[in-house]
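Engineer: Quick one, fold the following:
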Amino acid sequence: MDTSRPATIDESSPRYEGWRIVAVCFLLATFGWGLGFYGQSVYVAELQRARGWPTTLISAGTTFFYLFGALLVVFVGEAVRTYGPRICLIAGTLAMAAAAVAIGAVREPWQLYLANAVLAFGWAGTSLAMITNTISLWFDHKRGMAISLALNGASFGGIVGVPLLVTLIGHVGFASAMYAAAGAMLVLLLPVILLLVGHPPDRHGWHATAKAKPQSSTQIRAWALRDVGFLTVTVAFALVLFAQVGFIVHLISFLDPVIGRERAAVAVAVLTAMAVVGRVLFSLVIDRLDQRLASALSFLSQAAALLVVINLHDDYVLIAACAVFGFSVGNLITLPSLIVQQEFDSAAFGVLISLNTAINQVTYAFGPGVVGALRDLSGGYALPFYLCIALEVIAAALIMVRGRPRAKMT
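Structural biologist: Model (predicted):
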């Protein structure tokens, strides 16, 4: 076996082709999160205003999108290995653009659910599982930094993409804005993918693994669901993301009567900005850290911030607590892939991280609903936010339970 090639790959070099893949994934994440994740809040508001449909009906469509998307995400890893990253990225781009057109054309409730089904395909092909699977083919030692930098596109999609979409809706209407967004995605992404995404270096026998398939994806998933190390990573992050998404979705509703709508918006903006800052700063050292310990400390920092939010109502203290909470937000979608890379066979990375992402997505899809239901039952946000704190603390303990070193798929 020729083992000389992996030694010649210098991932830290600015000229290494992998950094072009990071740029492609940044752009992919911008549209994926802008239209798939953050865009949901725009769709709910616009369809309610234009069609007069009940919020419950539209929100149920969003839940369907997350759950169906989670089912599809499970198979992203094997799709990348079977068809290659270029075809999968193009398929994801086309599906997301088609979904944007479909959402803009919605006239009946059943069409909304059909559009969300198409959007789920687009989300599977442009979000976390696709990006981590793609980058893992080019990076090993600098994988943490590469994934962190690429996923800044997710924050960029929320900070810049959504306001641009809302502004465009105000000028040309909802349908035309969605058609324009789809067109922009196709024009910007397709040529970049075709030009920059080629064959990855065969550092771990990727091509041989793709052909030989010594163990099926079904066998790997069955093994993983019995492995202590994989389960502790997956369950811990599922609990934290449930708490995180539930808190963020209800943040303005909680802060509005406490500090006013204007400062509540500032708090959300600070939280989002700190997610970018945290991800960038973490990317510089993340590959050298004990990633389970870093995860546990991130969970506990969010729990501490939530405790402050519940009990202290000073404007600046609340904004500072949101900043502390936000510092870990971006890293919590990067860390699972790094732990999986570190502790399990590289040949199973794609299948395992896709399974992890799918389980997390199913779990956090219910976060906003559970937090809202507990708020209605208790008459305030203290009870649901204390639940979020408890989940963060449990997850911090759980993530420190390690499995066997460099577990084998047996």
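Engineer: Provide a list of residues in contact with Val233.
Structural biologist: 292, 336, 339-340, 343, 356, 399 (Cβ atoms under 8 Å, 6 or more residues apart in numbering). From N, CA and C alone the C-beta is placed, and that goes for glycine too.
Engineer: Same list, those residues, but as JSON lines with neighbour count, pLDDT and secondary structure please.
Structural biologist: Formatted as JSON lines, the contacts of Val233 follow (neighbours: other Cβ atoms under 10 Å; pLDDT from 0 to 100; DSSP: H, G, I helix; E, B strand; the rest coil):
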{"residue": "Arg292", "neighbour count": "22", "pLDDT": "92", "secondary structure": "helix"}
{"residue": "Pro336", "neighbour count": "25", "pLDDT": "88", "secondary structure": "helix"}
{"residue": "Ile339", "neighbour count": "25", "pLDDT": "88", "secondary structure": "helix"}
{"residue": "Val340", "neighbour count": "27", "pLDDT": "85", "secondary structure": "helix"}
{"residue": "Glu343", "neighbour count": "20", "pLDDT": "83", "secondary structure": "helix"}
{"residue": "Asn356", "neighbour count": "25", "pLDDT": "88", "secondary structure": "helix"}
{"residue": "Ile399", "neighbour count": "27", "pLDDT": "94", "secondary structure": "helix"}
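Engineer: out of those residues, what pair is the most spread apart?
Structural biologist: Arg292 and Asn356 (14.1 Å; Cβ to Cβ).
Engineer: For the residue most central in space within the chain, which non-adjacent residue is closest in space?
Structural biologist: For the chain, Leu128 is the residue whose C-alpha lies nearest the centre (Cα atoms, centre = their mean; 4.7 Å). Residue nearest to Leu128 in three dimensions, not counting chain neighbours: Thr357, with 5.3 Å by Cβ to Cβ, 6 or more residues apart in numbering.
Engineer: Give me the contacts around the helix or strand containing the one you found.
Structural biologist: Element membership of Thr357 [criterion: DSSP states H and E] is helix 349-364. Residues outside helix 349-364 that contact it (Cβ under 8 Å, 6+ apart): 66-67, 69-71, 73-78, 80-81, 127-129, 132-133, 136, 217, 220-221, 224-225, 230, 233-234, 237-239, 241-242, 244-246, 336-337, 340-341, 344.
Engineer: Please, a PyMOL command that selects the buried ones among these?
Structural biologist: Here is the PyMOL command that selects the buried residues among the contacts of helix 349-364 (16 or more other Cβ atoms under 10 Å):
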select buried, resi 66+69+70+73+74+75+76+77+78+80+81+127+128+129+132+133+136+217+220+221+224+230+233+234+237+238+239+241+242+244+245+246+336+337+340+341+344
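Engineer: Now intersect the contacts of helix 349-364 with the helices, please.
Structural biologist: Counting by DSSP state H, the part of the contacts of helix 349-364 found in helices is 66-67, 69-71, 73, 76-78, 80-81, 128-129, 132-133, 136, 217, 220-221, 224, 230, 233-234, 237-239, 241-242, 244-246, 336-337, 340-341.
Engineer: Tell me the pLDDT of Leu391.
Structural biologist: Note on Leu391: pLDDT of 96.
Engineer: If you could redo that for Thr93, that was the one I meant.
Structural biologist: Thr93 is given a pLDDT of 96.
Engineer: any idea how far Val160 is from the residue lying closest to Arg263 once chain neighbours are set aside?
Structural biologist: Leaving aside its sequence neighbours, Arg263 sits nearest to Asp315 (Cβ to Cβ, 6+ apart; 5.6 Å). Distance from Asp315 to Val160, counting by Cβ to Cβ, to the nearest Å: 26 Å.
Engineer: the more surrounded of the two?
Structural biologist: Regarding Asp315 and Val160, a neighbour count based on other Cβ atoms under 10 Å identifies Asp315 as having more, with 15 against 12.
Engineer: Just the CA coordinates for the helix or strand where Gln40 lies, please, in PDB.
Structural biologist: Assigned by DSSP H and E, Gln40 belongs to helix 39-51. Provided in PDB are the C-alpha atoms of helix 39-51 (Å, rounded to 0.1, in the frame of the first residue of the first chain):
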ATOM      1  CA  GLY A  39     -36.100  31.400   6.700                       C
ATOM      2  CA  GLN A  40     -38.800  29.500   8.500                       C
ATOM      3  CA  SER A  41     -39.600  32.500  10.700                       C
ATOM      4  CA  VAL A  42     -40.100  34.600   7.500                       C
ATOM      5  CA  TYR A  43     -42.300  32.000   5.900                       C
ATOM      6  CA  VAL A  44     -44.600  31.700   9.000                       C
ATOM      7  CA  ALA A  45     -45.100  35.500   9.200                       C
ATOM      8  CA  GLU A  46     -45.600  36.000   5.400                       C
ATOM      9  CA  LEU A  47     -48.000  33.100   4.900                       C
ATOM     10  CA  GLN A  48     -50.000  34.000   8.000                       C
ATOM     11  CA  ARG A  49     -50.300  37.600   6.700                       C
ATOM     12  CA  ALA A  50     -51.000  36.800   3.100                       C
ATOM     13  CA  ARG A  51     -53.200  33.700   3.500                       C
END
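Engineer: and that helix, what does it pack onto?
Structural biologist: Where contact means 3 or more Cβ pairs under 8 Å, 6 or more residues apart in numbering; DSSP states H and E, helix 39-51 is packed against helix 55-73, helix 162-172.
Engineer: Check which element follows the shortest one along the chain.
Structural biologist: Tracing the chain C-terminally past helix 162-172 and defining elements by DSSP H and E, one meets helix 174-196 next.
Engineer: Point out the other helices and strands that that next one packs with.
Structural biologist: On a contact count with 3+ Cβ pairs under 8 Å, 6+ apart, helix 174-196 meets helix 18-31, helix 85-104, helix 162-172.
Engineer: I'd like the average pLDDT over the shortest one.
Structural biologist: Read that as helix 162-172. Mean pLDDT, helix 162-172: 86.
Engineer: That one to helix 85-104, inter-axis angle?
Structural biologist: Put simply, helix 162-172 runs at 40 degrees to helix 85-104, going by axes from the mean of the first three to the mean of the last three Cα atoms, to 10 degrees.
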